[in-house]
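Engineer: sequence below, structure please.
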Amino acid sequence: MVQVEQGSLPVVILSSGRTRATRTGVKKAPLAPGCYVFSDPEGAALYVGKSIALRDRLASYFAKSRERKTAAMVGHAKTVEWHTVGSEVEALILESQLVKRFQPPYNVQLREYPHYKFLRRANGGGFAYYELAGSVEPEAGAHYGPFWGRRSAEQTLEFVNRLFLLRRCEGNLPTAKEGGACFYAQVRRCSAPCLGRLSPEEYASSVESAGELLRGDVGQLIRRLERDRDTAAEALRFERAAELHQAITTLKSLQSKRRHLRSAAHTNNFLVVVQQSNRADAQVLAFSAARLRGQLDVDAMLHDPAQRSALQRFVLEHYPVRRELAIDLDELDQMHVVAEWLARQGRHAVYVPLPDGPLSARDAERAVDSVVQALSGGLGAPARMDVTSAAGAAHFSQ
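Structural biologist: You can find the predicted model right below:
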């Protein structure tokens with residue numbers, strides 16, 4: 001039997017059950033949202049899934065029209081267990097956690113779940129470079145991330161390499177003969193320290209500049225690069241000054257765009273207000289320190305004073321203290337799951353920032369007013385929480 005311990009999970013399990021993996025057995029499952037786990041005769045997890053109606057979903061595994069892969073999984077399964085939760089979004093969060101914990105073979109190598117990647121600074125024999133990494137290894141040097149997905153990490157790596165003309169070759173610095181045949185050196189996409197185009201000190205400065213950018217220190221980085229540009233110009237090194245000026249221009253453009261972006265994960269406390277498809281009901285999700293703390297179903301117009309009072313109590317109950325924002329992989333995963341849920345369902349949502357806490361009664365009243373305003377305004381276009389930029393802001397070093 002698969003062991004699911006409540007204390008180690010980010011959501012509250014309301015009830016659990018277990019039965020034989022048969023058409024008759026799954027009829028015992030409730031019509032409630034939650035997750036289910038098919039297990040083999042030895043008790044190892046074969047597949048983890050979720051549903052807003054467990055009984056109906058489990059019954060579909062025994063339909064005559066099921067896919068071959070599904071039939072193969074059910075043929076190996078001996079038991080199925082379920083765990084009910086309070087809502088669809090909690091079922092999604094629980095499913096993601098259980099898949100990563102048990103790594104069941106029929107979940108297609110976690111195809112539907114985020115694979116986090118990092119960027120790592122490798123020593124390179126004194127001429128450092130950045131490379132992709134699947135995990136944090138403190139002895140291996142500074143790490144930056146996590147980034148959601150390999151593509152996000154690769155795009156970031158390509159951006160810093162092109163911006164600062166860093167080497168892309170691995171290991172120790174190649175010889176001048178090898179460097180002369182390098183494509184990136186020939187097209188000026190690399191500063192080519194192997195060919196002596198930059199001094200070791202100047203190249204090390206470029207590597208450090210990339211690290212500052214990955215840490216999010218854009219303003220400080222721009223000021224330092226401006227000093228370096230002016231120094232290069234005074235020394236009549238106009239090509240180097242032009243390279244630095246181009247980097248500064250790119251960074252200022254990036255900084256300007258970032259001023260207009262707000263990532264939910266950069267705020268300790270916030271609400272997400274979601275209007276249901278019938279537009280008569282809404283759901284309020286409470287987040288604090290990147291973790292889902294609770295949810296409340298309300299009337300979409302909040303005309304009833306009792307509902308307003310209930311929402312105010314809900315806000316006060318879930319933000320009683322100031323919490324520190326220290327995002328780990330599980331918390332990032334929750335943020336991503338909720339963001340994807342909102343996007344996939346096409347639901348209209350509004351992000352409502354809150355003070356860091358603890359919240360006062362007046363803070364709660366303002367939060368209720370913001371929710372009412374959001375609902376009365378029809379919530380506008382669907383909102384998507386930007387967890388990728390938040391992931392990139394986290395920095396890990398040795």
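Engineer: in three-state terms, label the residue in the chain sticking out farthest from the centre for me.
Structural biologist: Largest separation from the mean C-alpha position in the chain: L236, at 45.5 Å (Cα atoms, centre = their mean). Reducing the assignment at L236 to three states with DSSP: H, G, I helix; E, B strand; the rest coil gives coil.
Engineer: and the helices in the stretch 101-250 of the chain?
Structural biologist: 150-164, 176-180, 183-186, 200-215, 218-234, 238-259 (DSSP state H, counting those that start in this stretch).
Engineer: any chance of those helices in a markdown table, with distance to A72, mean pLDDT and mean neighbour count too?
Structural biologist: (Each C-beta comes from the backbone N, C-alpha and C, glycine too.) What follows is the helices of the stretch 101-250 of the chain, written out as a markdown table (distance: least, Cβ to Cβ, whole Å; pLDDT from 0 to 100; neighbours: other Cβ atoms under 10 Å):
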| stretch | distance to A72 | mean pLDDT | mean neighbour count |
| --- | --- | --- | --- |
| helix 150-164 | 29 | 81 | 17 |
| helix 176-180 | 51 | 85 | 13 |
| helix 183-186 | 47 | 87 | 15 |
| helix 200-215 | 44 | 87 | 18 |
| helix 218-234 | 51 | 85 | 15 |
| helix 238-259 | 48 | 74 | 14 |
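Engineer: turn these into CSV, including distance to R362.
Structural biologist: Below are the helices of the stretch 101-250 of the chain laid out as CSV (distance: least, Cβ to Cβ, whole Å):
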stretch, distance to R362
helix 150-164, 40
helix 176-180, 65
helix 183-186, 58
helix 200-215, 36
helix 218-234, 34
helix 238-259, 29
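Engineer: just the element for the nearest residue to Q312 once chain neighbours are set aside, please.
Structural biologist: Once flanking residues are discounted, Q312 sits nearest to A364: 4.6 Å by Cβ to Cβ, 6 or more residues apart in numbering. Per DSSP states H and E: A364 is located in helix 361-376.
Engineer: what comes into contact with that helix?
Structural biologist: With Cβ atoms under 8 Å, 6 or more residues apart in numbering as the test, helix 361-376 has contacts from 271, 273, 275, 282, 284, 298, 300-302, 308, 311-313, 315-316, 319, 350, 352, 354-355, 359.
Engineer: so which of those belong to strands?
Structural biologist: The strands, defined by DSSP state E, take in 271, 273, 275, 282, 284, 298, 350, 352 from the contacts of helix 361-376.
Engineer: by neighbours, which of those wins?
Structural biologist: Among these, the one with the most neighbours (other Cβ atoms under 10 Å) is L271, at 27 neighbours.
Engineer: who are the contact partners of that one?
Structural biologist: 284-287, 315, 351-352, 354, 367, 370-371.
Engineer: do that again at 6 Å, thanks
Structural biologist: 284, 286, 352 (Cβ atoms under 6 Å, 6 or more residues apart in numbering).
Engineer: and the gap between the residue farthest from the centre of the chain and D299?
Structural biologist: Using Cβ to Cβ, to the nearest Å, L236 is found at 72 Å from D299.
Engineer: ok, P193 next?
Structural biologist: Distance from P193 to D299, by Cβ to Cβ: 65 Å.
Engineer: with E88 instead?
Structural biologist: 19 Å.
Engineer: kindly report the same for S209.
Structural biologist: Noted for S209: a distance of 53 Å to D299, by Cβ to Cβ.
Engineer: surely I93 and V337 touch.
Structural biologist: Yes. At 5.2 Å, I93 and V337 qualify as touching, with contact defined as Cβ atoms under 6 Å.
Engineer: so these two - more neighbours on which side?
Structural biologist: With neighbours defined as other Cβ under 10 Å, I93 and V337 compare such that I93 has more, 27 against 24.
Engineer: mind listing residues that contact the host helix or strand of L296?
Structural biologist: Per DSSP H and E: L296 is located in strand 291-299. Counting by Cβ under 6 Å, 6+ apart, strand 291-299 makes contact with 87, 282-286, 307, 314, 318, 331, 334, all of which sit outside it.
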